[in-house]
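Novice: This is a predicted model, with the sequence first.
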Amino acid sequence: RVLIVDFGSQVTQLIARRLRESGVYCEIHPYDKVEGMLDAFAPKAVILSGGPASVHEAQSPSAPQRVFELGVPVLGICYGEMTLCAQLGGAVEGGQEREFGRAEILIERLSPLLQGLGDIGERETVWMSHGDKITAIPLGFEVVAASEGSPFAVIADEGRRFYGIQFHPEVAHTPRGALMLRNFTHKIAGLKGDWTMSAFRDEMVQKIRDQVGDGRVICGLSGGVDSSVAAVLLHEAIGDQLTCVFVDTGLLRHNEAEQVVTMFRDHYNIPLVHVDAADEFLGQLSGVSDPETKRKTIGRVFVEIFDREAAKVEGATFLAQGTLYPDVIESVSARGGPSAVIKSHHNVGGLPDYMKLKLVEPLRELFKDEVRALGVELGLPPAFVGRHPFPGPGLAIRIPGEVTPERVAVLQKADAIYLDEIRKAGLYDSIWQAFAVLLPVRTVGVMGDARTYDEVCALRAVTSTDGMTADFFEFPWEVLGRAATRIINEVKGINRVVYDVTSKPPGTIEWE
Ligand code: XMP
């Protein structure tokens, strides 16, 4: 396994993504927490990430010196190259300006790091970024590639297997960057790339058994991908020591609650408590139209109901959650930054700590698409694990104004037709998230000879890689046209359909 030392770059996670895509297990740890875990982790290679600091600032972050004494290969990227240089006896000057953008490097020397790329004298496109400037490389290092602006774009000490790269190999703008990282892990560090989902599954099943022993585990199922995959994995590990509690808010997509219940009970034979709490949620939401109050109400009611049901599971000592890796990485770039704030409103309530249950989080090492791959590995239908993200508060935040049972039913129908047309057009997997919104606005229409006065349905579809930014999806008109015609014809209560062409920012993906 590989240790990624995080110096706070916005793209550190992408290094981990690239490594895992090539079958190498890795973990990201903040630079100031590495010392304590180095021995236990025993990395086979170390990567120093980029970061916003300058090696010249007082107390500029550095890697524990021991990283260079482990006898394993070390790769410094961007800021990582700067600190590697500074720590090994080279010289680095503070640059006046940071430089970002496309650049070309010229290969000057052969190195296993660039194997499979060009020959000496050939050029390679990279995504450059530098603030500090190296003025002298440490003893033992040689220049492998240079660009106009960076004479030390790639440097290597082949003897000690230390490398520095000034640009970002982990981003898509460096077209063959993934190959460079792969060379580092496979060719230089000699890793086999045998970290697969099937290996992870076996490993995790064993870990769950070790942690849980003969204890009883409660797993909260939301109907979403993460908790479903976690539940199936847990069931494989501990069988009927697992009880799933599915709090059905009545605010899921059309038919989704039934699907979850059938799949878990009939297909997997997993003990499932299905709490049909639609009336309770809708009752509490009656009269509420402020978006944040809706979220808080749903969060509160959810915890109340979950507590009540969990207390009925006798002898439970563990609570399983579908926490993912992006939620647990203690990222240096997010310290005190805005990401922390954005997350908190997305969480639908936590569990009160008087529930003295120990946590089991079998997915906490995985990224979202790895969870999907694990789901398929465990036999979940690909269409089920490939579903678009769905917010915890569900359709309540897709019904601006008051949420009533009638309006939920109308929206579910419109949404199902929209998704059906998207699937038929083969576009579902090209879209990050697509959904319908029911607006509390009435407009006039004609149906046959009669005048109608019904509500407006807005359709939304966006592309995105992480939900933080998004572009509206450019549909072929006929797909939108078909969806609109069907919604107006088949859903009583809607007589007009509009398409949302707002990107994020300045808009958000959801309407509330
Ligand atoms: P926004 O609307 O903020 O959404 O652009 C970004 C992503 O987060 C999802 N989202 C939520 N998820 N609880 C959740 O679990 C929430 O309250 C919530 N609000 C938005 C949204 O669906 C999108 O994927």
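Specialist: Nice, thanks for sending it over. Numbering: from 1, shown residues only.
Novice: any idea how far the spatially most central residue of the chain is from the ligand?
Specialist: Central residue of the chain (C-alpha atoms, centre = their mean): Lys368, 4.7 Å from the mean position. Summarising the geometry, the distance separating Lys368 from the ligand, computed by C-beta to the nearest ligand atom, to the nearest Å, is 11 Å. Heads up, the C-betas are built off the backbone N, CA and C, glycines and all.
Novice: Is it correct that that residue is in contact with Asp327?
Specialist: No - look at Lys368 against Asp327 with C-beta atoms under 8 Å: they stay out of range, at 10.5 Å.
Novice: those helices in the stretch 301-450 of the chain, which residues are they?
Specialist: 325-328, 338-346, 368-377, 382-385, 405-424 (DSSP state H, counting those that start in this stretch).
Novice: which stretch in these has the least confidence?
Specialist: Between the helices of the stretch 301-450 of the chain, the one with the least mean pLDDT is helix 338-346; it has a mean of 36.
Novice: got the residue ranges for the helices in the stretch 101-250 of the chain?
Specialist: Using DSSP H, counting those that start in this stretch, the helices of the stretch 101-250 of the chain run over residues 177-182, 197-212, 225-238.
Novice: For the last one, name the packing helices and strands.
Specialist: This means helix 225-238. Contact analysis of helix 225-238 by 3 or more C-beta pairs under 8 Å, 6 or more residues apart in numbering; DSSP states H and E lists helix 197-212, strand 216-221, strand 242-248, strand 316-320, helix 368-377, helix 382-385 as its packing neighbours.
Novice: With distance to Val5 added, can I get these in CSV?
Specialist: Output for these, formatted as CSV (distance: least, C-beta to C-beta, whole Å):
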stretch, distance to Val5
helix 197-212, 23
strand 216-221, 34
strand 242-248, 37
strand 316-320, 31
helix 368-377, 22
helix 382-385, 32
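Novice: Out of those, which gets nearest to Glu292?
Specialist: If you check each of the helices and strands packed on helix 225-238 against Glu292 by C-beta to C-beta, strand 242-248 wins as the nearest, at 20.9 Å.
Novice: Report all helices and strands that the closest one contacts.
Specialist: Contact partners of strand 242-248 among helices and strands, from 3+ C-beta pairs under 8 Å, 6+ apart: strand 216-221, helix 225-238, helix 256-262, strand 272-276, helix 291-311.
Novice: How about residues contacting the helix or strand following the fourth one?
Specialist: Using DSSP states H and E, the next helix or strand after strand 272-276 towards the C-terminus is helix 278-285. Taking C-beta atoms under 8 Å, 6 or more residues apart in numbering as the criterion, the residues outside helix 278-285 that touch it are 248-251, 294, 297-298, 301, 305, 396, 402-405, 408.
Novice: nearest spatial neighbour of Glu81, skipping sequence neighbours?
Specialist: In this structure, Glu81 finds its nearest non-sequential neighbour in Gly164, 3.5 Å apart by C-beta to C-beta, 6 or more residues apart in numbering.
Novice: what separates the one you found from Pro138, distance-wise?
Specialist: From Gly164 across to Pro138, the span is 9 Å (C-beta to C-beta, to the nearest Å).
Novice: Spell out which residues are contacts of both of these two.
Specialist: Shared contacts of Gly164 and Pro138, defined by C-beta under 8 Å, 6+ apart, are found at Cys85.
Novice: dump the residue contacts of the closest residue to Ile208 other than its chain neighbours.
Specialist: Excluding the flanking residues, the one nearest Ile208 by C-beta to C-beta, 6+ apart is Ala237, at 3.9 Å. Remark: with contacts taken as C-beta under 8 Å, 6+ apart, Ala237 is in contact with 204-206, 208-209, 212, 362.
Novice: Out of those residues, which is nearest to the ligand?
Specialist: Pro362 (19.7 Å; C-beta to the nearest ligand atom).
Novice: What count of nearby residues applies to that closest one?
Specialist: When neighbours are counted by other C-beta atoms under 10 Å, Pro362 registers 25.
Novice: what helix or strand is Ile270 on?
Specialist: Ile270 belongs to no helix or strand when assigned by DSSP H and E.
Novice: let me fix that: Leu19
Specialist: When secondary structure is defined using DSSP H and E, the element that contains Leu19 is helix 12-21.
Novice: and that helix, average pLDDT?
Specialist: 92.
Novice: residues in contact with Phe435?
Specialist: When contacts are counted by C-beta under 8 Å, 6+ apart, Phe435 touches 388, 398, 415, 418-419, 459-460.
Novice: now the residue nearest to the centre of the chain, nearest residue through space, not along the chain?
Specialist: If you skip the residues right next to it in sequence, Lys368 has Leu324 as its closest partner in space, 6.2 Å away by C-beta to C-beta, 6+ apart.
Novice: beta partners of the residue nearest to Glu81?
Specialist: Residues in a beta bridge with Gly164, per DSSP bridges, are Gly76, Ile155.
Novice: Write the ChimeraX selection for whichever of the contacts of Ala237 are buried.
Specialist: Provided next is the ChimeraX selection string for whichever of those are buried by 16 or more other C-beta atoms under 10 Å:
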select :204,205,208,212,362
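Novice: Just put the contacts of Ala237 in TSV and tack on distance to Thr174 and pLDDT.
Specialist: Written out in TSV, the entries for the contacts of Ala237 read as follows (distance: C-beta to C-beta, whole Å; pLDDT from 0 to 100):
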residue	distance to Thr174	pLDDT
Met204	32	95
Val205	37	97
Gln206	38	96
Ile208	38	97
Arg209	42	98
Val212	43	97
Pro362	34	95
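Novice: out of the contacts of Ala237, who's nearest His274?
Specialist: Nearest to His274, judged by C-beta to C-beta, of the contacts of Ala237 is Pro362 at 22.3 Å.
Novice: how close does that closest one sit to Arg1?
Specialist: 18 Å.
Novice: Name the residue in Gly164 and Pro138 with the higher neighbour count.
Specialist: More neighbours surround Gly164 than the other of Gly164 and Pro138, with 31 against 19 (other C-beta under 10 Å).
Novice: re earlier: with distance to Leu374 added, can I get the helices of the stretch 101-250 of the chain in CSV?
Specialist: Formatted as CSV, the entries for the helices of the stretch 101-250 of the chain read as follows, by distance: least, C-beta to C-beta, whole Å:
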stretch, distance to Leu374
helix 177-182, 22
helix 197-212, 5
helix 225-238, 6
